[in-house]
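Asks: Structure here, sequence nowhere to be found:
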């Protein structure tokens, strides 16, 4: 085989590797951008609003648990009769 005969397959192999590396680089860039957007969204949270929503949800949960406890007690009292 001549040098020219082996050069074409070698170039094709290298070209394929370059293409795959470029694809991976594009994927990394895309994931990096997504991660930066996610971190920015977390950092930009209005702390006052987040705490207020948390307290509201916590209060609603406590009320639901209290009602559930009373219903359970009422059903048990009814079944004992």
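Replies: Sure, I can see it. Predicted model, so just to flag it, every value in this text is computed and none were measured.
Asks: Point out where the protein drops to low pLDDT.
Replies: 1-4, 76, 81 (pLDDT under 70).
Asks: which residues in it form helices?
Replies: Assigned by DSSP state H, the helices in the chain fall at 3-43, 47-80.
Asks: buried ones in the last one?
Replies: To tie it back to what came earlier, the one meant is helix 47-80. Neighbour counts over helix 47-80 (16 or more other C-beta atoms under 10 Å) mark no residue as buried. All C-beta atoms are positioned from the backbone trio N, CA, C, and that covers glycine.
Asks: State the distance from the residue nearest to the spatial centre of the chain to residue 46.
Replies: With the centre of the chain defined as its mean C-alpha position, the nearest residue by C-alpha atoms, centre = their mean is residue 38, 8.7 Å away. As judged by C-beta to C-beta, to the nearest Å, residue 38 and residue 46 stand 17 Å apart.
Asks: what does residue 79 give?
Replies: Distance from residue 79 to residue 46, by C-beta to C-beta: 49 Å.
Asks: can you list the domains in this protein?
Replies: The chain breaks down by automatic domain parsing into domains covering 1-44, 46-81.
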